[in-house]
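J.: Mind looking at a prediction? Sequence and model below.
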Amino acid sequence: MDEGISGTSFKKRVAFQEMIEKAKSGEVEYIITKSISRFARNTVDTLTTIRMLKSIGVGVWF
């Protein structure tokens, strides 16, 4: 959880980046998010990240 940080850019979201790295290393199998806007607010980044996660076998549920 990145408190008080805009979700428009992944660069400032340290916890998000950590979650993605854990998913890449196999520590995370599934990501559950309250809503798509909580995951990210940039459409291109959202789709790119979800597709990358899907390609490595990590599910995302909103």
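T.: Alright, I've got the coordinates. All values reported here derive from a predicted model rather than from experimental measurement. Numbers count the residues shown, from 1 in each chain.

J.: where do the helices sit along the protein?
T.: 14-24, 36-39, 43-55 (DSSP state H).

J.: Which one of those helices has the poorest average confidence?
T.: Least confidently modelled of the helices of the chain is helix 36-39, at a mean of 84 by mean pLDDT.

J.: Point out the other helices and strands that it packs with.
T.: Judged by 3 or more CB pairs under 8 Å, 6 or more residues apart in numbering; DSSP states H and E, the packing partners of helix 36-39 are helix 43-55. Yep, even glycine has a C-beta here, placed from its N, CA and C like the rest.

J.: and the helices of the chain as JSON lines, adding mean neighbour count?
T.: Shown next, in JSON lines, are the helices of the chain (neighbours: other CB atoms under 10 Å):
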{"stretch": "helix 14-24", "mean neighbour count": "14"}
{"stretch": "helix 36-39", "mean neighbour count": "13"}
{"stretch": "helix 43-55", "mean neighbour count": "13"}
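
J.: Next, format those helices as a markdown table and append distance to Phe62.
T.: As requested, those are exported to a markdown table (distance: least, CB to CB, whole Å):
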| stretch | distance to Phe62 |
| --- | --- |
| helix 14-24 | 15 |
| helix 36-39 | 5 |
| helix 43-55 | 10 |
